[in-house]
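**Q** structure for the following, please:
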Amino acid sequence: MQTTVQSTVRFSGVGLHTGRPVRLSVCPAPADHGIVFERTDIRLGNARIPARYDFAEQSPLCTLIVNDAGVSVSTIEHVMAALAGCGVHNALVKVDGPEVPVMDGSAAPFVRAILAAGVKRLAAPIRVIEVLSTVEVHTAQGWARLGPGTGLTMDFHIDFSDAAIGRQSKSLDLANGTFVRELCDSRTFCRAADVEAMRAVGKALGGTMDNAVVVDGDTVLTPGGLRHEDEAVRHKMLDALGDLALAGAPLLGHYEGHKAGHTLTNMLLHALFATPDGFRVRECPAALAARLPGTGVEMHEIPAVA
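**A** Down below sits the predicted model:
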């Protein structure tokens, strides 16, 4: 059965890039509503933006969605990952500014609050997008691939010159709460040398050592160090799940990313939906629904550090 949140969940924080205070609410929504964002600070015109790949615009540092009226919300990837990872199919996400609050740089605060509020089952079947043939996209920096699978599985590979990150690879089957247990508490990361460059162009104004892992060569500058030895690749997988959720329904397939980011994952969804015989949408039987991300997850599965 499709799901929504049991009751409204509220958050407050600052935008990672704007540095401005922002409030966000995840509200219950009916079946077949999907995930939709609404800018509550905009009084005239269309302030709602469906969280779909075809409303996304290329942005190297975050995921940005824009409606036909030019209204946008950025940095949606962590809350989208939390919704997908908790198995929430329908929600109205209200935000009073142009950016989602960064919280601690991971999806864990969103996950904890969603699970505390509870997930409500709706009287409508889940529809899934089943990948039937492999699609692949490339840029000068990396590549991403999506192929057939019986659930949602993921391989990710990163390679950074800073020894504190270096080369990392990880493979996961995202069934049955794996996202909550393995990925949700992994924070965004950046190089110390990049911070000032981003701020010089008006980005990362809300970034602090409390909401990002900052590295310099072989040193982790963030107090307390890493939550996981491979936290960087885990966070990339978190981002990828959030970006794949812009498909508009749970995906059945195998995702592989090599030095991939938001742009490549969005390009991959465009390539998939531009291939009519490459996918099909179908109702999800109970046995298969039990393997979707978030199904059956419980509060105690959130890592203690979160």
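**Q** wait, a helix at Thr263?
**A** Yes - assessed by DSSP: H, G, I helix; E, B strand; the rest coil, Thr263 belongs to a helix.
**Q** which residues are in contact with it?
**A** 58-60, 139 (C-beta atoms under 8 Å, 6 or more residues apart in numbering). No exception for glycine: its C-beta is placed from N, CA and C like everyone else's.
**Q** just checking, what packs against the helix or strand hosting Val73?
**A** Using DSSP states H and E, Val73 sits in strand 72-74. The helices and strands touching strand 72-74, judged by 3 or more C-beta pairs under 8 Å, 6 or more residues apart in numbering; DSSP states H and E, are strand 64-66.
**Q** of all the residues in the strand it packs on, which ones are buried?
**A** For strand 64-66, burial by neighbour count (16 or more other C-beta atoms under 10 Å) applies to 64-65.
**Q** in its sheet, what does that strand sit against?
**A** strand 56-57 (antiparallel), strand 72-74 (antiparallel) (DSSP bridges).
**Q** and the closest residue in space to Leu246 that isn't next to it in sequence, how far from Arg112?
**A** Among residues not flanking Leu246 along the chain, Tyr53 sits closest, at 4.2 Å (C-beta to C-beta, 6 or more residues apart in numbering). To Arg112, Tyr53 is 27 Å away according to C-beta to C-beta, to the nearest Å.
**Q** looking at these two, which one has more neighbours?
**A** Counting neighbours by other C-beta atoms under 10 Å for Tyr53 and for Arg112 shows that Tyr53 has the greater number, 22 against 19.
**Q** near Pro125, how many other residues are there?
**A** 15.
**Q** cool, Ser171 as well?
**A** For Ser171, using other C-beta under 10 Å, the count is 12.
**Q** what kind of secondary structure is it in?
**A** strand.
**Q** quick one on the thing from earlier: who's in contact with the strand holding Val73?
**A** With C-beta under 8 Å, 6+ apart as the criterion, strand 72-74 contacts 15, 17, 37, 39, 49, 57, 59, 62-66, 95, 98-100.
**Q** narrow those to just the buried residues.
**A** Counted by 16+ other C-beta under 10 Å, the contacts of strand 72-74 give 15, 17, 37, 39, 49, 59, 62-65, 95, 98-100 as buried.
**Q** would you mind identifying the next helix or strand past the helix or strand bottoming out on mean pLDDT in the chain?
**A** In the chain, the helix or strand scored least confidently by mean pLDDT, DSSP states H and E is helix 192-200, which has a mean of 74. Next along the chain after helix 192-200, taking DSSP H and E as the criterion, comes strand 213-216.
**Q** buried residues in the least confident helix or strand of the chain?
**A** Under 16+ other C-beta under 10 Å, the buried positions of helix 192-200 are 195, 198.
**Q** likewise for stretch 277-288?
**A** 278-279, 284, 288.
**Q** what are the ranges of the strands in the stretch 201-306 of the chain?
**A** 213-216, 219-220, 251-258, 279-283 (DSSP state E, counting those that start in this stretch).
**Q** sweet, I'm off.
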